[in-house]
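# I need the structure of the sequence given here:
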Amino acid sequence: MKVRDKEEQADTIARILDTALSVPGLRSRVGFDPLVGMLPIVGDLLATMTGATILVIARQLHVPWDMQLRMAYNLLKNGLIGTIPLLGDVYSFFFKSHQLNAALLIRSVKRGEDGQCLLQTKSLTMQDAAALALLILPTVVLVFAASLWFWNHDASLLNLIYPTPYQSRME
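Sure, this is the predicted structure:
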């Protein structure tokens, strides 16, 4: 596959997650990350896992490790803050970490090693897969754990909109 095709894939994923929809009355566009993030537990997990595909593409294009770590940090920050009911969705709306990661990827590829840009992608090795697992799996686990914690403590957007009736513990 050509490098340009992979860059376009990363850009498309970022656009879907961060700016897919135009909302009347808003200057900024909204993506599926803050919208799906409103779903308890699975929403932020799904957005994080989808955003992680940009890291996979970065590894396929042999983006330097320091840039991949920066991208993983952006994904982690967006995922963890995204688990906070309502506030996290507002953060995802403004931060747009997936677009930032796609831009970092494209900028890194354009620079390339020794000013050269590859024309074809290289296959992922077992070391690449292991490194990706070390970058992505902790983020996914932490986002899942944080989402579950908020859910178990009745701190979800659903509970904010539809609070449970007061129940006496003296019964």
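
# all helices for the protein, in order.
3-19, 32-36, 42-60, 65-82, 87-95, 97-111, 126-152, 157-161 (DSSP state H).

# Need the residues that contact stretch 42-57.
6, 9-10, 13-14, 16-17, 32-33, 36-37, 39, 68, 71-72, 75, 78-79, 82-83, 88, 92, 97-98, 101-102, 105, 124, 132, 135-136, 139-140, 143-144, 146-147 (Cβ atoms under 8 Å, 6 or more residues apart in numbering). (C-beta placed from N, C-alpha, C; glycine too.)

# Just the buried residues from the residues you listed, in ChimeraX please.
Of these, the buried ones go into a single ChimeraX selection, burial set by 16 or more other Cβ atoms under 10 Å:
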select :6,9,10,13,14,17,32,33,36,37,39,68,71,72,75,78,79,82,83,88,92,97,98,101,102,105,132,135,136,139,140,143,144,146,147
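
# Model confidence score at the closest residue to Asn78 other than its chain neighbours, please.
Excluding its sequence neighbours, the residue lying closest to Asn78 (Cβ to Cβ, 6 or more residues apart in numbering) is Ser97, at 3.8 Å. Looking at Ser97, its pLDDT is 96.

# Could you measure from Ser97 over to Pro85?
Per Cβ to Cβ, to the nearest Å, Ser97 is found 19 Å from Pro85.

# just Trp151 next, same as before
To Pro85, Trp151 is 9 Å away according to Cβ to Cβ.

# Show the contacting residues for Val30.
Counting by Cβ under 8 Å, 6+ apart, Val30 makes contact with 19-21, 23, 93.

# May I ask which of the residues you listed has the most neighbours?
Most neighbours among these, by other Cβ atoms under 10 Å: Phe93, with 19 neighbours.

# That residue and Leu35 touch, don't they?
No. Applying Cβ atoms under 8 Å as the test, Phe93 and Leu35 come out as separate, 9.1 Å apart.

# how many neighbours does Leu137 have?
Around Leu137 there are 11 other residues, counting by other Cβ under 10 Å.

# what mean pLDDT does stretch 5-16 have?
Mean per-residue pLDDT for stretch 5-16: 95.

# Let me fix that, I meant to ask about stretch 47-67.
What stretch 47-67 shows for mean pLDDT is 94.

# Good, we can wrap up now.
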